[in-house]
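Enquirer: how does the following fold in three dimensions:
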Amino acid sequence: MSTSLFAPDFQTVLDHAKQTAGGPAGSFPSPQDWRDPFIYFLMLDRFNNASAAPLHSPFDDPNFFGFQGGKFSGVQQQLPYLKRLGVGAIWLSPVLKNLRFDQGSYHGYGIHDFLSAQPLFADIPAQADDELRALVDAAHQLGIYVIFDIVLNHTGDVFAYQNADSTGFNSDPQPIEWRDPSGQPRPEFADIATIPAAQRSPDALVWPAELQKNGFFRRRQGTPSGDDTIGDFASLKQMLTADPDLQRFLIRAYQYVIARYDVDGFRIDTLRYLKGDLARLFGNAIREFALQIGKKNFFTFGEVLDGQAEEDIARFIGRSTTDGDQLVGVDAALDYPLFNTLKPVVKGFAAPSAVVDMYIRRKNIEQNILSSHGDATRFFVTFLDNHDMKERIRFVQPGDEHKFDDQVTLGLACLFALPGIPCVYYGTEQGLHGAGSDPAVREALWGGPGFNELSPFYRDIQKIAAVRGSHAPLRYGRFYFRPVSGDGHTFGVSPFPLGVLAFSRILNDEETIVVANTNTGQGQSLDVILESQLSQAGDTYRVLYSNKSNPTPPSQVKQTGQVTVHETDGSIGHGPLHVFHVTLQPLEVQILGR
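Expert: I've put the predicted structure just below:
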């Protein structure tokens, strides 16, 4: 276990990764394109323990904020289950060491040692680093990539304020007392630099040693008016990420994490809180190190969660094409704008036109933004729910628990077919439906439904993933919304809730179409426009996937005469068109192709 960024054992790990690059003993190579796999996000403490039941019952208690006992080995045991589901990459909630005395840090976001694995997630705590590496190696043996959730903005609750009652924001750094291994603030520990070496416990303070400087911490409670990115993150202590030395140390620490654990990507927590251009510097430095050790497509994506997410993503991801600087930062972001738009449409609360409007707005905001892959839009990580959203996508109606189940599969089919890299939150495949609080959507999966491969949600995700994997347009294709018509004469995007969302993906000479009826009680029968250069009258399309057991195939392609088409850009066209007729049951989605 290394305690310094410049210790011989630390350097040995970096040197070995560089020296073995490209060889059989070298790092696991990156995917050629991150749009090929889909991601499965799991919370390590809440996923599985092969040796023991969850520590607290019931498994889905919405008021339980403690550890449940998930282990690295528990994830490793279920890798074949994930592989059979179709998972191509797993995103792990933070796995680095949190403070032992903080029982609320089951989520992992309170890191205090940036070089070590979390002992509480290990069967043998002293071997946590090796157990985490064994998990990653086992995933790689099955062809599954591994993404670590990481934190740059803050540490765990490593110190207390002398004025513990202060709740308002103070512009000056406040007096603090660093905590000992039991969590007690020590008045004599006002400055971490003066704490005697013998009292610098590996279970307290902040590590590696280079981070042990009061000046690296903002030391402010609360937030100033108008800027919620300044100040501690609840009990988590914010670092001064604009400091050049701190930036250098954090970058070097996470380069070590890549080399030590052979990880394939990073999800960066609280990205928009970072100061001093750290997001761009970090993304570029991590990319270059990964290239150096043979990972030619290391993937970084950030969390940008606020009311101006679209604009903030454009500020933090990549660089402006008008900027002469050659540094290109973080690759992509979690697609909160799509989540905020698609979920209400799937639920029937918003019109399909809202999704169209979101993509038009994105195109305008990001027209001059490049990611490291050249196009930010294609590399968003898309999702329908996660650990921070206090409601899972599945809603259970009291007295009729399966009434809205098809909303889940309808949403997933759209998610897997829209641009980006789809991410499924753990437990979705088993029908978890928590709502109302953070713990409510962080259930201990193995204490509840477990890993039933006959679950209808599991089997539908398998089918959707297989269609996406076998039809390249759904991964790489150009993206077009398709106006629809109920009367065969007037076409447009559904402007009302409970409407039909229709879009296509086109790659070279192949078009794949998705049509989703969000109406919970009424079927829909309508014409859908096809690309006229890729179809002709009499062509037949088939149902590649439907979430219904008895779908009606579309009619043969026909050519219309004069019609009125309200295009998504606001213009009006008049045909002729190539269309086919689609018949959908309530809450049915169809993926259609040749």
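Enquirer: quick one, phi/psi of G302?
Expert: phi -120, psi 160 (degrees, to the nearest 10).
Enquirer: wait, D191 sits on N214?
Expert: Yes. Contact criterion Cβ atoms under 8 Å: D191 and N214 qualify, at 5.5 Å. The way it works is simple: take the backbone N, C-alpha and C, and place the C-beta from them, glycine included.
Enquirer: shaky segments in the stretch 1-150 of the chain?
Expert: Along the stretch 1-150 of the chain, no part satisfies pLDDT under 70.
Enquirer: now the strands: where do they sit in it?
Expert: Along the stretch 1-150 of the chain, the segments classed as strands by DSSP state E, counting those that start in this stretch run 39-42, 89-92, 96-98, 111-117, 145-150.
Enquirer: V515: which of the ones you listed is closest?
Expert: Each of the strands of the stretch 1-150 of the chain has some distance to V515 by Cβ to Cβ; the shortest is strand 39-42, at 25.4 Å.
Enquirer: partners of that closest one in the sheet?
Expert: In the sheet, strand 39-42 lines up against strand 89-92 (parallel), strand 421-425 (parallel) (DSSP bridges).
Enquirer: what comes into contact with the shortest one?
Expert: Which is strand 89-92. Under the contact criterion Cβ atoms under 8 Å, 6 or more residues apart in numbering, strand 89-92 has outside partners 31, 34, 37-42, 44, 75, 82, 139, 144-149, 264-265, 267, 423.
Enquirer: what's the pLDDT at F298?
Expert: Looking at F298, its pLDDT is 96.
Enquirer: hmm, G265 and it touching each other?
Expert: Yes. Counting by Cβ under 8 Å, G265 is a contact partner of F298 at 6.2 Å.
Enquirer: pull out the buried residues from the helix ranked longest in the chain.
Expert: When every helix of the chain is counted residue by residue (DSSP state H), the longest turns out to be helix 244-261. By 16 or more other Cβ atoms under 10 Å, the buried positions in helix 244-261 come out as 246-247, 249-261.
Enquirer: centre of the chain versus that helix, how much separation?
Expert: 22 Å (Cα atoms, centre = their mean, to the nearest Å).
Enquirer: try stretch 528-547
Expert: 32 Å.
Enquirer: buried ones in that stretch?
Expert: Quick answer for stretch 528-547 (16+ other Cβ under 10 Å): V528, I529, L530, E531, S535, Y541, L544, Y545, S546, N547.
Enquirer: how about stretch 236-244?
Expert: Those buried within stretch 236-244 under the rule 16+ other Cβ under 10 Å are L236, K237, Q238, M239, L240, T241, D243.
Enquirer: now, among those, which is nearest to Q292?
Expert: Closest approach to Q292 among the buried residues of stretch 236-244 (Cβ to Cβ): T241, at 23.9 Å.
Enquirer: so where's the chain shaky on pLDDT?
Expert: In the chain (pLDDT under 70), the answer is 164-167, 318-327, 370-378.
Enquirer: where along it do the helices fall?
Expert: 8-19, 72-77, 79-85, 128-141, 244-261, 278-292, 309-316, 336-346, 353-365, 405-417, 456-470, 473-476.
Enquirer: please enumerate the strands of the stretch 151-300 of the chain.
Expert: Going by DSSP E, counting those that start in this stretch, the stretch 151-300 of the chain shows strands at 154-155, 159-161, 176-178, 237-238, 265-268, 299-302.
Enquirer: so Q78 touches F47, yeah?
Expert: Yes. Assessed by Cβ under 8 Å, Q78 is found in contact with F47 at 7.4 Å.
Enquirer: out of those two, which sits in the busier spot?
Expert: A count of neighbours by other Cβ atoms under 10 Å puts F47 above the other of Q78 and F47, at 24 against 21.
Enquirer: quick check: closest non-adjacent residue to the more buried one.
Expert: Computed as Cβ to Cβ, 6 or more residues apart in numbering, the closest residue to F47 that is not its neighbour in sequence is G70, at 4.9 Å.
Enquirer: repeat that for N547.
Expert: In space, N547 is closest to T409, 3.8 Å off (Cβ to Cβ, 6+ apart).
Enquirer: tally of neighbours for that neighbour?
Expert: 24.
Enquirer: distance of it relative to F38?
Expert: Per Cβ to Cβ, to the nearest Å, T409 is found 15 Å from F38.
Enquirer: ok, F301 next?
Expert: Taking Cβ to Cβ, one finds F301 at 14 Å from F38.
Enquirer: and these two? Which one has more around it.
Expert: More crowded of F301 and F38, by other Cβ under 10 Å: F301, with 28 against 25.
Enquirer: the more buried one: what's it in contact with?
Expert: G265, F266, R267, I268, V330, D331, A332, A333, L334, F379, F380, V381.
Enquirer: quick check: the gap between it and G450.
Expert: 30 Å.
Enquirer: likewise for L132?
Expert: 23 Å.
Enquirer: just L507 next, same as before
Expert: 38 Å.
Enquirer: related to what we said a few turns ago, let's have the strands of the stretch 1-150 of the chain in TSV, adding distance to F503 and mean neighbour count.
Expert: Listed next are the strands of the stretch 1-150 of the chain as TSV, based on distance: least, Cβ to Cβ, whole Å; neighbours: other Cβ atoms under 10 Å:
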stretch	distance to F503	mean neighbour count
strand 39-42	22	24
strand 89-92	25	24
strand 96-98	40	26
strand 111-117	40	25
strand 145-150	27	24
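Enquirer: switch those over to JSON lines; also include distance to Q556.
Expert: Output for those, formatted as JSON lines (distance: least, Cβ to Cβ, whole Å):
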{"stretch": "strand 39-42", "distance to Q556": "38"}
{"stretch": "strand 89-92", "distance to Q556": "39"}
{"stretch": "strand 96-98", "distance to Q556": "57"}
{"stretch": "strand 111-117", "distance to Q556": "58"}
{"stretch": "strand 145-150", "distance to Q556": "42"}
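Enquirer: closest one to V356 among these?
Expert: Across the strands of the stretch 1-150 of the chain, closest to V356 is strand 39-42 (Cβ to Cβ), at 25.4 Å.
Enquirer: what are the contacting residues of that closest one?
Expert: 75, 82, 85, 87-93, 147, 381, 383, 386-387, 421-426.
Enquirer: same check on stretch 477-493?
Expert: Residues contacting stretch 477-493 (Cβ under 8 Å, 6+ apart): 352-353, 355-356, 359, 418-419, 494, 500, 502-507, 510-513, 515, 524-531, 560, 563-568, 577, 579.
Enquirer: which parts of that stretch are buried?
Expert: G477, F479, Y480, F481, R482, P483, V484, S485, F491, V493.
Enquirer: between the residues you listed, which sits nearest D15?
Expert: For the buried residues of stretch 477-493, the nearest to D15 is G477 (42.9 Å; Cβ to Cβ).
Enquirer: now the residue nearest to that closest one when sequence neighbours are not counted: how far from M358?
Expert: Take G477 and drop its neighbours on the chain: the residue closest to it by Cβ to Cβ, 6+ apart is R505, 3.3 Å away. Distance from R505 to M358, counting by Cβ to Cβ: 17 Å.
Enquirer: those two: which has the busier surroundings?
Expert: Relative neighbour count places R505 above the other of R505 and M358, with 24 against 18, counting by other Cβ under 10 Å.
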